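In: From the sequence below, what's the structure:
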Amino acid sequence: MIIVSDTSPLNYLILVKQDHVLPLLFSRLITTPEVILEMRATGAQEAVRHWATQPPAWLEVQSPTRIDPRLQLGKGETSAISLAIELEVHSPNITLLIDERDGRAAAKQLGLKTAGTLTVLFEGHRLGFLELPAAIDSLRRTSFHARESLLEEILRRGREVRGQPDAC
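Out: Purely as a prediction, here's the structure:
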């Protein structure tokens, strides 16, 4: 599976030290120069800025040839969605990795498949690459926004795929 990533999922996976699962889950991971610039911005956490200064070899950085003018989003989201649209023409196996609600809605409206940080953590857990409870605990200590009920549902599903009973 080919993933085009926006800023937020990369940011949070780096902060919870789970970015290593990306090349284990996906055949290609691509982002845009705009996403890298957002990750290098002054307001980004040091670990994220450092990672973006020297991205791992498995991360491809590619500019879209055309920015979709209908998108009224940030530069990272707009470039990632535009690139995903462009690449999907040649490969229907493209998924956009994006967390922001407005960006996800725009991507879905344009017919793109989407996933987010929680999807990566869940799939990494399901395949035995990480421990979901620890990853979710780390994620809770960041600025990541998700309903607590959603986090609890992901944890419940994580216990199910590993054959663990629900906690009472």
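In: alpha carbons only for contacts and neighbour counts from here, please
Out: OK.
In: residue contacts, residue 123?
Out: Residues near residue 123 by Cα atoms under 8 Å, 6 or more residues apart in numbering: residue 25.
In: what comes up buried for stretch 51-61?
Out: For stretch 51-61, the neighbour count (16 or more other Cα atoms under 10 Å) marks 51, 52, 61 as buried.
In: so what's the last one bridging to?
Out: What it means is residue 61. Taking DSSP bridges as the rule, residue 61 bridges to residue 31.
In: so it makes contact with residue 32?
Out: Yes. In this structure, residue 61 is within contact of residue 32 by Cα atoms under 8 Å, at 5.1 Å.
In: so which helix or strand takes in residue 114?
Out: According to DSSP states H and E, residue 114 maps onto strand 113-115.
In: Let me see the residues that make contact with that strand.
Out: Residues contacting strand 113-115 (Cα under 8 Å, 6+ apart): 94, 95, 96, 97, 98, 99, 104, 107, 108.
In: And the helices in the protein, which stretches?
Out: 7-15, 22-25, 33-40, 46-53, 75-88, 101-109, 117-126, 132-140, 148-161 (DSSP state H).
In: who does the last one touch, helix- and strand-wise?
Out: Helices and strands in packing contact with helix 148-161 are listed as helix 117-126, helix 132-140; criterion 3 or more Cα pairs under 8 Å, 6 or more residues apart in numbering; DSSP states H and E.
In: follow-up on the earlier one: what's the farthest-apart pair in the contacts of strand 113-115?
Out: Greatest spacing in the contacts of strand 113-115, by Cα to Cα: 94 and 99 (16.1 Å).
In: ok, now which ones touch residue 154?
Out: For residue 154, the contacting residues are 118, 122, by Cα under 8 Å, 6+ apart.
In: nope, residue 54 is what I was after
Out: Neighbours of residue 54 in contact, by Cα under 8 Å, 6+ apart: none.
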